[in-house]
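[1] What follows is a protein structure lacking sequence information:
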C-alpha cells in the first residue's frame, strides 16, 4: 500500500432511488434582506453585497420548509475574510425558535456545499428555516453567483455497487466501502491514470446530473469525462465535466445544453487521477431534474 499515491472516494447515487430536486434561490436584490449600510446590486445573473463595515449579513426573504436530506450549494467570490451561513428556525406559527451555524468557509474557496440540519433539541417544533449569510472581513465584498437547495432521497443507494462495474485496470485499484463509497487508489507514482464504467446510461433518462467534488488535496488533480455512444454502441466522442480539479466544486450539467455529436444516445463515466504524493478526493454524483 505504500506505493499508492492517490485515492478517490466516489459515491454514485442511484437514479432510480435517489431523485435530487434542485431549487434555486433568487439572486435579485428585492428578494434579499440586509442591514442599511450594505449595498446589494445585481451583476449580470449574480448578486453583489458591499459595505464599509467590518462585517455584513444578508438573507433571502423566504422561509423554507424543512425536510430530510437537505443541503445547500453556493457558488461565490469573496475578496477576503470568512463566509458564515446560519439558519434561523421557526415553528408552524412562524415564531422564531433558534439560530444555528450551518457552515463556515473563506475567500480561498469559490464553491461550497453543506447540509441543512435541524438542531436535535428542537425535535418536531422547527418546521421552517431561513438562511442567513455573514461576511467577516474589513470592507466586505461578496458576489453570489449561484445558490440552491437540494432535496435528496435515500442517499445509501449506489449506482456502482462493485469493482465489476468498472472495466479492468492495472493502474487503479478499487475497493467498495460499507457505506457504498468507492475508494480508488492510484498505484503508480507520478502518473495520470483513468478508469471507466462498463455500464452505459441513457442520455434521455439520466441526462441531468448534480456533481459534488467535496474534497481534493493540492498535490492531486481529478477529472471526469462522459464518453458518448450511439444506439448501436459506436463511440461518438466525449465531453469534459470536471477537468484538472484541485479544489472542491459543485457542478450541475444538463446534457441537452451540450453540442453533443450527432446520434449520441448513451454515456459512460470516465474518472482520471493524477498526483505525486498521497492525495484524496471525494465525489458525489446524483441525477437531478
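    Thanks, I have it. Since this is a predicted model, take the numbers as computed values, not measurements. Numbering: from 1, shown residues only.
[2] Now do the helix or strand containing residue 83, average pLDDT.
    Per DSSP states H and E: residue 83 is located in strand 82-90. Confidence over strand 82-90 (mean pLDDT, whole number) is 96.
[3] May I have the strands that pair with the host helix or strand of residue 144, each with its orientation?
    For residue 144, the element it lies in under DSSP H and E is strand 141-151. Take DSSP bridges as the rule and strand 141-151 pairs in its sheet with strand 21-24 (antiparallel), strand 46-50 (antiparallel), strand 70-78 (antiparallel).
[4] and it with strand 82-90, angle?
    Relative orientation of strand 141-151 versus strand 82-90 (axes from the mean of the first three to the mean of the last three C-alpha atoms, to 10 degrees): 50 degrees.
[5] what's around residue 201, how many residues?
    Applying other C-beta atoms under 10 Å, we find 19 residues neighbouring residue 201. For glycine as for every other residue, the C-beta is placed from the backbone atoms N, C-alpha and C.
[6] and the strand holding residue 83, which strands flank it?
    Strand 82-90 is paired, per DSSP bridges, with strand 96-106 (antiparallel), strand 128-136 (antiparallel).
[7] Identify the residues contacting the last one?
    With C-beta atoms under 8 Å, 6 or more residues apart in numbering as the contact definition, strand 128-136 has outside contacts at 25, 49, 54-60, 62-66, 72, 78, 81-92, 94, 99, 102, 116, 118, 142.
[8] Find the centremost residue of the protein, please.
    Nearest residue to the geometric centre of the chain (C-alpha atoms, centre = their mean): residue 212, 2.9 Å.
[9] Give the bridge partners for that one, please.
    residue 250, residue 284.
[10] my read: it touches residue 115, true?
    No: contact between residue 212 and residue 115 fails when scored by C-beta atoms under 8 Å: they sit 11.6 Å apart.
[11] Got the domain ranges for this structure?
    Domain assignment for the chain by automatic domain parsing gives 6-18+155-287, 21-151.
[12] Of those, which shows the lowest average pLDDT?
    Of all these, mean pLDDT reaches its minimum on domain 6-18+155-287 (a mean of 76).
[13] Count the neighbours of residue 28 for me.
    Residues near residue 28, counting by other C-beta under 10 Å: 10.
[14] Might you report the residue contacts of the closest residue to it other than its chain neighbours?
    Nearest residue to residue 28, sequence neighbours excluded (C-beta to C-beta, 6 or more residues apart in numbering): residue 42, at 6.6 Å. By C-beta under 8 Å, 6+ apart, residue 42 lies in contact with 27-29, 48.
[15] Format the residues you listed as a markdown table; extra columns: secondary structure and distance to residue 147.
    Output for the contacts of residue 42, formatted as a markdown table (DSSP: H, G, I helix; E, B strand; the rest coil; distance: C-beta to C-beta, whole Å):
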| residue | secondary structure | distance to residue 147 |
| --- | --- | --- |
| 27 | coil | 7 |
| 28 | coil | 12 |
| 29 | helix | 13 |
| 48 | strand | 13 |
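[16] This completes my enquiry, with thanks.
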